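Colleague: Dropping the sequence and predicted coords here.
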Amino acid sequence: MPRAPRPKPPARPRRRKRAEDVRLAGDRLVVGVPEDGERRSRAGLLIPATAVAAPRRCVWSDVVRVGPDVRHVKEGDRVLFLPQVGLEVEIDGGDYLLLRERDVQAVASPTSDGEAQGGQYL
């Protein structure tokens, strides 16, 4: 005689991940998503991101979280990287990119007055 299927346990409500709850592994860092990719030509024409075939152009973004093995980057720094190497993640309802430290091309640390100073090229 076949057994009756077990009732499924009630689904627990999914809790959003908060930035404080996330511990990064190894040399990973989380940065803000850079601008949407739209650019202006020298003549002032707006070039939408969808009109250009995946440019290999580095972008700057602010570091939100760093992993325990990151050596050259701190939270609050600005980093230069290729946006294609990052993985998209959602934390606290916001979109971010997950990078490895080796994908960072340069680092600019903020000075005491809040302005970014010259970058450190890795």
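Modeller: Nice, thanks for sending it over.
Colleague: What strands flank the helix or strand containing residue 95, and is each parallel or antiparallel?
Modeller: Per DSSP states H and E: residue 95 is located in strand 94-100. With DSSP bridges as the criterion, the sheet partners recorded for strand 94-100 are strand 28-32 (antiparallel), strand 87-91 (antiparallel).
Colleague: could you dump those strands to a markdown table with mean neighbour count?
Modeller: All C-beta atoms are positioned from the backbone trio N, CA, C, and that covers glycine. Converted to a markdown table, the strands paired with strand 94-100 look like this (neighbours: other C-beta atoms under 10 Å):
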| stretch | mean neighbour count |
| --- | --- |
| strand 28-32 | 21 |
| strand 87-91 | 12 |
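Colleague: Just tell me which of those strands ends up closest to residue 22.
Modeller: Relative to residue 22, the nearest member of the strands paired with strand 94-100 by C-beta to C-beta is strand 87-91, separated by 6.0 Å.
Colleague: Could you check how far the closest one is from the centre of its chain?
Modeller: 7 Å (C-alpha atoms, centre = their mean, to the nearest Å).
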